[in-house]
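In: Structure here, sequence nowhere to be found:
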């Protein structure tokens, strides 16, 4: 099968925008993504689109894909709404890669959008819980915070992971987010702030939980047959892997790892012909601080149980050997549910095109994005490589 | 009952009161005075408890003490059934594995309902196909500034009736005469009230009780305990003379001083206590406004299996008391909750009420719920029905605080605060385990840790569209010392 390339990606500011609609946010991201393509792109080149959104607020549950693509003038192109909770736009990117590699399309727009801050806190809590297993898990009294807290409890019991380890994730991601002009919570926080903040679901405090955010992001995926029209410095989507698992935590084989992440990563590494050690930077799904620690282990950056030590070592900080979440992650950059996966592509694109500014990882040539739905019912991993200067 | 030689006996006794207590001092601090004479403290139901869940607690204790016999007859008594109209014995029976064709009764309408249920049981039994189960559970309420509310408590008692029990009824009589306007609750109201006509109230009480006792063909002066209706901690003693018993005997059966006014469960609870304390000859006299009274002479001829949980001592303040009752909270959130339709909910009652799991015929793994592909081998199979024992171990647990609860639990969280949710490994009745998410009840948040032993009980889960959904929650398993 032919290769797929990421030739442009951009996001809106992530935050709270009472004056914006899901359509106006998508338009901002779309236009910026087109602008980010080095040689420019004619929107008429786009063959099809995939748009991730949960539809928080119930604002446009049916046909939300065409609702945004028609709004931005991509008239008539086939468009699907992708729903996999927080992994929606990561799966939208995967769908774009499939369409391009299969030969059915040359240029595909993959994006996502979510508005979460315009409803009451009661209504927001309703929507925040819909991606858990409703009948048994949610009706035992948990939204995501509760389920990830149970995972944290099990991980701490099994491996001795500490609340400080969780807090270090928050500190690191806020330090990075403070350098990201698009970040929702772009300010630093201290270890004390994170540890002593109000408990949401023990052991997770407010600072271990990502915010609810408005935002949109778009990525442009093209085939190897047309990539030269768009850039001289191609970024290849070298590997993609995805997997599902039981939606409810209680039905899974383990509470201390996300098997879908593990499966997705293995498939992505295999397709790309690389190992975890070959990854220069990663954008991982830190909806809760524990999720980033689990990601280190599931992505093979360390042994099971070794995440606490890894985050304490500084390896995953911006100046470290393998920076994780240079964008600020979901914690600081924000988590507009349907847009997050595409948002991770934006940071990967910036890093691999050398346009990450203060957050630039020197010499970055191979990156990874990791996007999880719910507490692990779905996961999708992409491995991206800069073609020039790729070491053999 | 008179003239019928075959009357069942009491074979086992169970009783339950919620773990929270509020003291008379807490009321005095709030109001400047406390209007419930002789009450030192009262039991307060948790936000997820009601007459049905308390009935379940008492009934399972009685049934377990009796060796878990089949139930042929179920009578439920309360002045505060959770629904004014909808037969609560279907759900109570469902939680207790009572067969669909068992006889069921609901007794309500006055605080005499508990003894009416007992008399009905004695009259109807014994039964060929099982035992009788009589449960009285009550949690009366008044307006916050009323003497009725100051006295109002909570609790439940249950009795297993069969012809080979060690506790016999040696006399029974009843009496009713018009005495309107002593204690009443209008249709549609949740609070009981009185008129405070003191001499009229006392005359009503004494005369009605005396009328019932007078109908007994026996000398009640020889009893060693008296279970007397206790709307407060003074009125029963005032009736000693009219009853022909001593104040010591009344004190021997009294629970009102620590549980408060337990309504239709008042005499059943006092009877349970008297039997548990080893008294041999007991006079049980109830009173229901309107007015009417039952009098029962009870003889304990041998040791009777009893299981009582009445010793809760978790104190609550007066604001916490009002909060738990829902007097300070604003009701369900706008924006709705997860929508599980009533028919969908009903489909899960085998699991919610009866803990039915399924064993995979291919790989033997236990699955809960017993639906879909097996958790062990992933095959789509026809499960073999297996009941979970209700006991298990904590695999993971968290405390849900502000911002962590789904809106279905917003009202409960507003009333009773933080709550724990665990994933527990529940045991199958013939081996194996299934992991199940479950909320923790009946203990302080933060009590349970990974590895702790737990047991299931029944609680209110949430209310939607006016229909309250009940199901299992978990409690720490009492450690045998």
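Out: The structure has been received and is ready for your questions. No experiment lies behind these values; they were computed from the predicted model shown. Residues are numbered from 1 along each chain as shown, chains lettered A, B, ... in the order given.

In: what residues are up against residue B:245?
Out: Contact analysis of residue B:245 by Cβ atoms under 8 Å, 6 or more residues apart in numbering or on different chains lists B:220-221, B:223, B:226, B:283. The C-beta positions use only the backbone N, C-alpha and C, and glycine is treated the same way.

In: By neighbour count, which of those wins?
Out: Using other Cβ atoms under 10 Å in any protein chain shown as the neighbour test, the contacts of residue B:245 are led by residue B:226, with 32 neighbours.

In: List the contacts of residue B:238.
Out: Residue B:238 touches B:202, B:205-206, counting by Cβ under 8 Å, 6+ apart.

In: Take the residues you listed and keep only those in helices.
Out: Counted as lying in helices by DSSP state H, out of the contacts of residue B:238, are B:202, B:205-206.

In: Just the closest of those residues to residue B:356, please.
Out: Taking Cβ to Cβ as the measure, residue B:356 lies nearest residue B:205 of these, at 47.6 Å.

In: what residues are up against that closest one?
Out: B:182, B:229, B:231, B:235, B:238-239, B:287, B:291.

In: ok, now with 7 Å
Out: For residue B:205, the contact set (Cβ atoms under 7 Å, 6 or more residues apart in numbering or on different chains) comprises B:235, B:239, B:287.

In: got it, and residue A:280?
Out: Contact analysis of residue A:280 by Cβ under 7 Å, 6+ apart lists A:322, A:361, A:364-367.

In: Which residues belonging to the lengthiest strand in chain B are considered buried?
Out: Ranked by number of residues, the top strand in chain B under DSSP state E is strand B:384-400. Within strand B:384-400, the residues scored as buried using 16 or more other Cβ atoms under 10 Å in any protein chain shown are B:386, B:388, B:390, B:392-400.

In: returning to what we had before: quickly check the contacts of residue B:245 for the two that are furthest apart.
Out: B:221 and B:226 (10.7 Å).

In: Ranking by neighbours, what's the top pick from the contacts of residue A:280?
Out: Top of these by neighbour count (other Cβ under 10 Å): residue A:367, with 27 neighbours.

In: show me what contacts residue 146?
Out: Picking chain A for this. Residue A:146 touches A:201, B:398, B:400, B:404, B:421, counting by Cβ under 7 Å, 6+ apart.

In: think we crossed wires, I meant chain B
Out: Residue B:146 touches residue B:193, counting by Cβ under 7 Å, 6+ apart.

In: Give me the contact status of the worst-scoring helix or strand of chain A on mean pLDDT with chain B.
Out: Sorting the helices and strands of chain A by mean pLDDT, DSSP states H and E puts helix A:121-128 at the bottom, at a mean of 83. Yes - interface with chain B: helix A:121-128 contributes A:122-123, A:125-126 (Cβ under 7 Å from any Cβ of the partner chain).

In: will you turn these into CSV that also has neighbour count?
Out: Output for the residues of helix A:121-128 next to chain B, formatted as CSV (neighbours: other Cβ atoms under 10 Å in any protein chain shown):
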residue, neighbour count
A:122, 15
A:123, 18
A:125, 23
A:126, 26
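
In: In which helix or strand does the nearest residue to residue B:83 once chain neighbours are set aside reside?
Out: Closest residue to residue B:83 apart from its sequence neighbours, by Cβ to Cβ, 6 or more residues apart in numbering or on different chains: residue B:468 at 8.0 Å. Here residue B:468 sits within strand B:467-476, counting by DSSP states H and E.

In: just the contacts of residue A:280 now: which is nearest chain B?
Out: Using Cβ to the nearest Cβ, residue A:322 is the member of the contacts of residue A:280 that sits closest to chain B, with 29.0 Å.

In: Might you report the residue contacts of that closest one?
Out: Residues in contact with residue A:322 (Cβ under 7 Å, 6+ apart) are A:279-281, A:301, A:315-316.

In: Near chain B, which residues of the stretch 251-392 of chain A are found?
Out: Near chain B, when you scan the stretch 251-392 of chain A using Cβ under 7 Å from any Cβ, you find A:251, A:255.
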